[in-house]
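*Asks:* Generate coordinates for the sequence data below:
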Amino acid sequence: MVVQRRAAVGAALVLVLVGAACGGTSSAPVRHVSPTGSTSPRPAPTTTSAPTTTLPSAVPTTVATPVVPSPGWSRPLTALPPVGGFTSVSCISDVFCLSAGGGSNQADAADSTGPGVVDSWDGATWATPSTYFAGGAGAAPPPWMPSISCTDGPLCAVVDGSGHTSLGDGTTWSPPAALAPTAVAAADPSDPGPGHTGARSAAVACPTPQFCAYVDNTGHVATLHGTAWSAPQAFTTRVGGATVELFQLGRVGVSCATDTSCTAMVAGTVLDWDGTTWTASPAPWGPGDADGASAVSCPTPGTCVAVHGTSVSVRTPGSGWSAPRVVDAGGSLDSVSCPTTSTCVAADTAGDVVRLVTGTWSTPDKVVPTPVSYPGDGATVSCPTEQFCMVLTGDGDYATYVGTTTAP
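*Replies:* Numbers count the residues shown, from 1 in each chain. Modelled structure (predicted):
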């Protein structure tokens, strides 16, 4: 998921979202990150054709693709993906993004497994990856669908679907630690269990260097205060006559505008944090919807944009969620990032993006090739400001948006 940390935005901008939700448009985030930063000129493209990668190449393999750069977007470029593929990106500014991946995501045909890694981007090139989860004989299970969120400092938190966490600055990491065990409800009949494709995922959002929020796709939430995580709290639902854990097949999302305002999405349920407690309410697409991925981005307290499947929904202070509106009929949205209440970018698993600008959603644009090596990892997007975004796929194909005077 995407974290958003912004100063309060004027009522006029909030009205833009209200109009988008109730009129002819809606609004859309990251599943993951969003501190502010300066905007610098976009580096010149280093390739003239859009790249993708094919296992088990030791270096990215560039191939011709039909991807044509859209206005504001760079040509697709490639970073060498870790074994297991990239699963999350978080940008602090237009010259500092960090991506997480590796582990055992079973996102490729070979079911490959590797260490958990983080790679950093300086506005032009990717650095040598750092390992936060080495694994090996006798170690805990490798990470599953790791998610990263970074804020100024930098401070980054990496979490994964197996319940492990690590803190670091992009290069140096604390040893991965398991969240405290929680009471387990009856198994959800729709939950395929550990070790199954898409069975475990998690999301993290860090609005400040002293606070992060965690959610996984079985409805467990936790918060980080300083360097200590709280014990996870398990949310449950009713299936027939039994109380069972929530479960969503695919990635989940969480976003925090501040350390007292977070929203998570899992299995047709919204989980809200007020600084003290989590509360549950129905998601805009209805309770019990466990199909596909969900993502949410909250640029200011009370204002959130959620994506699920082909549609988007908006919540503004004092109102509920708008009815889901289809904005990507042919895709499967699984990431969204909203740097302000009037601008959002959402990405689908095929590498297409839809953009909210001044109340209107664009038609889908393909900005990176459809993943072929790690199709199960989907795509992830992070927009720290209106003028910069990065979209990254599991294959390592990425594109950046650099604006001038208009929003993405």
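*Asks:* which sections of the stretch 51-200 of the chain are below the confidence cut-off?
*Replies:* Along the stretch 51-200 of the chain, segments meeting pLDDT under 70 span 51-66, 106-110, 136-139, 195-199.
*Asks:* Quickly note the distance from the closest residue to residue 180 other than its chain neighbours to residue 312.
*Replies:* Distances taken as CB to CB, 6 or more residues apart in numbering place residue 231 nearest to residue 180, at 4.3 Å, with adjacent residues excluded. Just so you know, the C-beta spots here come from the backbone N, C-alpha and C atoms, and that holds for glycine as well. Counting by CB to CB, to the nearest Å, the gap between residue 231 and residue 312 amounts to 33 Å.
*Asks:* Who has more neighbours out of the two?
*Replies:* residue 312 (31 against 12; other CB atoms under 10 Å).
*Asks:* tell me which element that one is part of?
*Replies:* According to DSSP states H and E, residue 312 maps onto strand 311-315.
*Asks:* mean confidence score for the helix or strand following that strand?
*Replies:* Toward the C-terminus, strand 311-315 is succeeded by strand 325-326 as the next helix or strand (DSSP H and E). Strand 325-326 carries an average pLDDT of 94.
*Asks:* how about the next helix or strand after strand 325-326 as CSV, C-alpha atoms only?
*Replies:* As assigned by DSSP H and E, the chain's next helix or strand after strand 325-326 is strand 333-340. Output of strand 333-340 as CSV, limited to C-alpha atoms (Å, rounded to 0.1, in the frame of the first residue of the first chain):
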residue,chain,number,x,y,z
LEU,A,333,-6.2,-2.0,-10.3
ASP,A,334,-4.0,-2.9,-7.4
SER,A,335,-2.1,0.3,-6.5
VAL,A,336,-3.0,4.0,-6.0
SER,A,337,-1.2,7.2,-4.9
CYS,A,338,-2.8,10.5,-4.2
PRO,A,339,-0.3,13.3,-3.4
THR,A,340,-3.2,15.8,-3.0
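*Asks:* so where do the helices sit in the stretch 301-408 of the chain?
*Replies:* Along the stretch 301-408 of the chain, no segments are classed as helices by DSSP state H, counting those that start in this stretch.
*Asks:* And for the chain?
*Replies:* With DSSP state H as the criterion, the chain has helices at 11-22.
*Asks:* wait, residue 260 sits on residue 275?
*Replies:* Yes. Counting by CB atoms under 8 Å, residue 260 touches residue 275, with 3.2 Å between them.
*Asks:* pLDDT below threshold where in the stretch 301-408 of the chain?
*Replies:* For the stretch 301-408 of the chain, the ranges with pLDDT under 70 are 404-408.
*Asks:* can we see that at 50?
*Replies:* Low-confidence segments of the stretch 301-408 of the chain, defined by pLDDT under 50: 405-408.
*Asks:* Run through the strands of it in chain order.
*Replies:* Taking DSSP state E, counting those that start in this stretch, the strands of the stretch 301-408 of the chain run over residues 303-308, 311-315, 325-326, 333-340, 343-348, 352-357, 360-361, 365-366, 379-385, 388-393, 397-402.
*Asks:* Strand 352-357 and the longest one, what's the angle between them?
*Replies:* The reference is to strand 333-340. 30 degrees (axes from the mean of the first three to the mean of the last three CA atoms, to 10 degrees).
*Asks:* that older thread, residue 175: which of the strands of the stretch 301-408 of the chain is closest?
*Replies:* For the strands of the stretch 301-408 of the chain, distance to residue 175 was read as CB to CB. The smallest value, 25.0 Å, belongs to strand 379-385.
*Asks:* Please identify the buried residues of that closest one?
*Replies:* 379-385 (16 or more other CB atoms under 10 Å).
*Asks:* repeat for stretch 144-152
*Replies:* Buried-residue list, stretch 144-152, by 16+ other CB under 10 Å: 144-151.
*Asks:* From what I see, residue 127 and residue 117 are in contact.
*Replies:* No. In this structure, residue 127 is not within contact of residue 117 by CB under 8 Å, at 11.1 Å.
*Asks:* ok, these two, which is more surrounded?
*Replies:* Taking other CB under 10 Å, residue 127 and residue 117 do not tie; residue 117 has more neighbours (26 against 14).
*Asks:* In the stretch 1-150 of the chain, mark out all the strands, start to finish.
*Replies:* Under DSSP E, counting those that start in this stretch, the stretch 1-150 of the chain gives strands at 51-52, 61-62, 77-78, 86-93, 96-103, 114-121, 130-133, 147-151.
*Asks:* Who does the fourth one pair with, and is each partner parallel or antiparallel?
*Replies:* Sheet neighbours of strand 86-93, with direction, are listed as strand 96-103 (antiparallel) (DSSP bridges).
*Asks:* relative to strand 397-402, how tilted is the partner strand?
*Replies:* 160 degrees.
*Asks:* next one: strand 96-103 to chain centre, how far?
*Replies:* Its chain's C-alpha centre and that of strand 96-103 lie 11 Å apart, by CA atoms, centre = their mean, to the nearest Å.
*Asks:* and that strand, C-alpha only, in PDB?
*Replies:* Extracted C-alpha coordinates of strand 96-103, given in PDB (Å, rounded to 0.1, in the frame of the first residue of the first chain):
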ATOM      1  CA  PHE A  96      14.900   9.100  -4.100                       C
ATOM      2  CA  CYS A  97      12.700   6.000  -4.400                       C
ATOM      3  CA  LEU A  98      13.100   2.600  -2.800                       C
ATOM      4  CA  SER A  99      11.700  -0.700  -3.900                       C
ATOM      5  CA  ALA A 100      11.200  -3.900  -2.100                       C
ATOM      6  CA  GLY A 101      11.000  -7.400  -3.400                       C
ATOM      7  CA  GLY A 102      12.400 -10.900  -3.500                       C
ATOM      8  CA  GLY A 103      11.400 -13.700  -1.200                       C
END
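*Asks:* Lovely, talk soon.
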